[in-house]
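[1] Predicted structure and sequence below. I'll ask about it afterward.
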Amino acid sequence: MSLIEIDHALFRLINGMHSTWADQTMWLISTRWFFIPLYAILAWFIYRRFPQQILPIFITVALMILVSDQLSVAVKFMVARLRPCHDALLADAVHLVNNKCGGLFGYYSSHASNTAALACFLSMIFRTKTMGMLLAGWTFLVGYSRIYLGNHFPADVLSGWLIGAVIGWLAYNLLQKYLQRQAHVQNNL
């Protein structure tokens, strides 16, 4: 069995396990606005724990998400892999929720990349097992919802998670270098 065949089989398995309750839940999980309360809570935790570094952290997060999102869009057009709902071999069998498929190309998932970047970055910022597990669960749930909804193949999501985690790791390390440089400048004044 080839990797593409495995990818298609996993897609069919996940996308084929649907119910009315799960349809609406997965739809909500994939919306941009559903996690605003989570983002607000995380922002509050960052503010409480790192009040002096709040501005550099927020700027880093904004730039990190911008890079993650735009890189995934660029790669989608370079790779030009059809989303499952646009793939002629699968389109008739894909279970779509609310008849929403998304753009023509799906490799790799912006949702998966952005959530993995943020989860990796924040896990490194907070350095607690509980926060890491919560963020990993959130990342998994968002990625799973993208497959469930028929918008991405599992490989799209796995690639998004990997690339997003690398972007989050790089963003964290760049922030640390910046904060160390700022501390060095402050100490030499």
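    Received it, and whenever you're ready, just let me know what you need. Because the structure is predicted, anything quoted here is derived from the model rather than measured. Residues are numbered from 1 along each chain as shown.

[2] Do you have the helices of this structure handy? List them.
    If DSSP state H is used as the criterion, the helices of the chain fall at 3-16, 20-30, 36-49, 54-79, 110-126, 129-148, 154-187.

[3] by how many degrees do the last one and helix 3-16 diverge?
    What it means is helix 154-187. Here helix 154-187 points in a direction 90 degrees away from that of helix 3-16 (axes from the mean of the first three to the mean of the last three Cα atoms, to 10 degrees).

[4] could you say what helices and strands helix 154-187 packs with?
    Secondary structure elements in contact with helix 154-187, counted by 3 or more Cβ pairs under 8 Å, 6 or more residues apart in numbering; DSSP states H and E, are helix 3-16, helix 54-79, helix 110-126, helix 129-148. To be clear about C-beta, it is placed using only N, CA and C from the backbone, and glycine gets the same treatment.

[5] in it, what's buried?
    154-161, 163-165, 167-168, 171-172, 175, 179 (16 or more other Cβ atoms under 10 Å).

[6] and if you look at the fourth one?
    Along helix 54-79, these residues count as buried under the neighbour rule (16+ other Cβ under 10 Å): Ile57, Thr60, Val61, Met64, Ile65, Val67, Ser68, Asp69, Leu71, Ser72, Val75, Lys76.

[7] Those residues into TSV, with extra columns for distance to Trp138 and pLDDT?
    Formatted as TSV, these follow (distance: Cβ to Cβ, whole Å; pLDDT from 0 to 100):
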residue	distance to Trp138	pLDDT
Ile57	19	97
Thr60	19	97
Val61	15	97
Met64	16	98
Ile65	15	97
Val67	20	98
Ser68	15	97
Asp69	17	96
Leu71	21	97
Ser72	18	97
Val75	23	97
Lys76	23	96
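
[8] Any chance of JSON lines for the helices of the chain, columns distance to Leu96?
    Output for the helices of the chain, formatted as JSON lines (distance: least, Cβ to Cβ, whole Å):
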{"stretch": "helix 3-16", "distance to Leu96": "9"}
{"stretch": "helix 20-30", "distance to Leu96": "9"}
{"stretch": "helix 36-49", "distance to Leu96": "25"}
{"stretch": "helix 54-79", "distance to Leu96": "19"}
{"stretch": "helix 110-126", "distance to Leu96": "16"}
{"stretch": "helix 129-148", "distance to Leu96": "11"}
{"stretch": "helix 154-187", "distance to Leu96": "16"}
